[in-house]
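Colleague: Return a 3D structure for these sequence lines:
(2 chains)
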Protein chains: 2
Amino acid sequence: MKIFVVYWHPEPQSFNGAMFRTACETLVGAGHEVKISNLYEMRLDPVSSRKNFTTVKDPNYFKQQIEEMYATERHGFAAEIESEMEKLEWCDLMIWQFPLWWFGLPAVFKGWVDRVFAMGRIYNFENIYETGVFRGKRALLSLTTGGPEDAYRKGGFNGDITAILRPIQRGMLQFVGFDVLAPQIVYAPVRMTEEERKQHLADYARRLGEIARETPIDVGSF
Amino acid sequence: MKIFVVYWHPEPQSFNGAMFRTACETLVGAGHEVKISNLYEMRLDPVSSRKNFTTVKDPNYFKQQIEEMYATERHGFAAEIESEMEKLEWCDLMIWQFPLWWFGLPAVFKGWVDRVFAMGRIYNFENIYETGVFRGKRALLSLTTGGPEDAYRKGGFNGDITAILRPIQRGMLQFVGFDVLAPQIVYAPVRMTEEERKQHLADYARRLGEIARETPIDVGSF
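Modeller: Modelled structure (predicted):
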């Protein structure tokens, strides 16, 4: 398979970093083609602006979706955005590796979505959800939390993780047509022993070795 | 009241910009003290890193929450973060003005939360949700959507807006102790006539004139 792994964490030595490297090594070792976007090393600027584009539709009023549709017709995306779009279009499976911050994506990751998921090229009025541009492709969230697993159950301290992840799994991934695999969640790695962390990496590697055979889950709707 | 208005949109002439200016003018006119953070004009960098801090707890491993707790004890937050914290601590009511992007906050706004809502100073293990640092304060989301109102009902194209906003209203605002007022939502201002947009601004101004008397809503939990 063609697999695209997107990753951000502010500390390369973090457990997120270890999960990212485990995924890349495991998937390459299993014979898959792997492309990555290490948003930390790329120092990706998450701020949407005219620098998303080389073209200008309206110099007097910046409406991002209008500029996106114009750029779609004229190959007008900035090089750093175009290269991300090409990886999205190329892959069969996309993996996002990130720490859950404030019940969602860290800002850099959210900015990657804000800038790359452009109207016209990545979705449009006819191609959305079940008819999305990327239908037939699959996506997997791989994330860590600060709190323990029982904090993320329905009625728990923070509540049901499936509902917490819905803006990402439903609102971003399914919105553009991806089928979603069960999220890989490691709860509170900071509180684990080194041995426990190694076990989680081994479990993740084992899962990824069989990832081609997995079937999508129902992530629910709002 | 002391009111803190936080705002981001990439186009100052946008309807979001108009809502921001309407809020500021109305609230000042009504005799309130108003402080603002115009994240667009401030060119706020949304990326969390060591630049959040003037202090360093561990130079070899960057764990943001550890650095936040250390900075809390030593007045070690960078000036651009400290000034935001002081406005948070000062206000009775906080208003967030933003466009809903990908079922959540735009990256710049999320980065403001990631960087400013620091463990130790803004929340800690004893002070969270009902016992949050900011209990007694109130918060209001004011936002625009691209889609029409019927897309944001339960069973609608995108689904229930209250569930979509829960990571923000429950996971960010209530998490640190704020009571939440009903969100001010203007659906699809891009499809409105100039007259309709003016009416929405007038409605918002009228609401803000009475805002001191409003009572919080139940935003639900996950």
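Colleague: Dihedrals phi and psi, the residue most central in space within chain A?
Modeller: The geometric centre of chain A, computed from its C-alpha atoms, lies nearest to residue A:96 (CA atoms, centre = their mean), at 3.5 Å. When quoted as degrees, to the nearest 10, the phi and psi of residue A:96 stand at phi -110, psi 120.
Colleague: what ranges do the strands span in chain A?
Modeller: Assigned by DSSP state E, chain A shows strands spanning A:2-7, A:33-38, A:93-99, A:138-145, A:179-180, A:184-187.
Colleague: got TSV for those, with distance to residue A:15 and mean pLDDT too?
Modeller: The C-beta positions use only the backbone N, C-alpha and C, and glycine is treated the same way. Listed next are the strands of chain A as TSV, based on distance: least, CB to CB, whole Å; pLDDT from 0 to 100:
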stretch	distance to residue A:15	mean pLDDT
strand A:2-7	12	98
strand A:33-38	16	98
strand A:93-99	9	98
strand A:138-145	6	98
strand A:179-180	23	98
strand A:184-187	7	98
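Colleague: ok so, going back, gap between the residue nearest to the centre of chain A and residue B:3?
Modeller: In this structure, residue A:96 lies at 37 Å from residue B:3, with CB to CB, to the nearest Å as the measure.
Colleague: just residue A:137 next, same as before
Modeller: As judged by CB to CB, residue A:137 and residue B:3 stand 46 Å apart.
Colleague: which of those two has more neighbours?
Modeller: For the pair residue A:137 and residue B:3, the greater number of neighbours falls to residue B:3 (25 against 21), based on other CB atoms under 10 Å in any protein chain shown.
Colleague: Pretty sure that one sits against residue B:95.
Modeller: Yes: using CB atoms under 8 Å, residue B:3 and residue B:95 qualify as a contacting pair, with a distance of 6.7 Å.
Colleague: so who does the closest residue to residue A:77 other than its chain neighbours touch?
Modeller: Counting by CB to CB, 6 or more residues apart in numbering or on different chains, the nearest residue to residue A:77 once its immediate chain neighbours are dropped is residue A:71, at 5.1 Å. Shown in contact with residue A:71 (CB atoms under 8 Å, 6 or more residues apart in numbering or on different chains): A:52, A:53, A:54, A:55, A:77, A:118, A:120, A:121.
Colleague: Could you report the pLDDT at residue A:71?
Modeller: In the predicted model, residue A:71 carries a pLDDT score of 98.
Colleague: Residue A:125 too?
Modeller: According to the model's per-residue confidence, residue A:125 sits at a pLDDT of 88.
Colleague: All the helices of chain A, residue numbers only.
Modeller: Listed from the start of the chain, chain A has helices (DSSP state H) covering A:15-29, A:64-74, A:79-90, A:107-116, A:161-164, A:166-168, A:194-209.
Colleague: who wins for proximity to residue B:35 among those helices?
Modeller: For residue B:35, the closest of those is helix A:107-116, at 22.5 Å, according to CB to CB.
Colleague: quick check, the closest one touching chain B?
Modeller: Yes: Helix A:107-116 is in contact with chain B by CB under 8 Å from any CB of the partner chain, via A:107, A:108, A:110, A:111, A:113, A:114.
Colleague: Could I get the buried residue list for that helix?
Modeller: By 16 or more other CB atoms under 10 Å in any protein chain shown, the buried positions in helix A:107-116 come out as A:107, A:108, A:109, A:110, A:111, A:112, A:113, A:114, A:115, A:116.
Colleague: so what's the last one closest to, chain neighbours aside?
Modeller: If the residues on either side of it in the chain are set aside, residue A:116 comes closest to residue A:84, at 4.5 Å by CB to CB, 6+ apart.
Colleague: What of the first one?
Modeller: With CB to CB, 6+ apart as the measure, residue B:111 is the residue that lies nearest to residue A:107, at 3.2 Å, once sequence neighbours are left out.
Colleague: Look at the closest residue to residue A:118 other than its chain neighbours and report its pLDDT.
Modeller: Residue nearest to residue A:118 in three dimensions, not counting chain neighbours: residue A:68, with 3.9 Å by CB to CB, 6+ apart. At residue A:68 the predicted local distance difference test score is 98.
Colleague: With residue A:204 instead?
Modeller: We have a pLDDT of 98 for residue A:204.
Colleague: can you count the residues close to it?
Modeller: The burial count for residue A:204: 18, using other CB under 10 Å.
Colleague: And it, how far from chain B?
Modeller: Residue A:204 sits 21 Å away from chain B, taking CB to the nearest CB, to the nearest Å as the criterion.
Colleague: follow-up on the earlier one: where's the residue nearest to residue A:107 relative to residue A:109, distance?
Modeller: Relative to residue A:109, residue B:111 is positioned 11 Å away (criterion: CB to CB).
Colleague: and for those two, which residues touch both?
Modeller: A shared contact of residue B:111 and residue A:109, defined by CB under 8 Å, 6+ apart, is any residue touching both; here these are residue A:46.
Colleague: you'd agree the residue nearest to residue A:107 is up against residue B:44?
Modeller: Yes: taking contacts as CB under 8 Å, residue B:111 lies within contact range of residue B:44: 7.0 Å.
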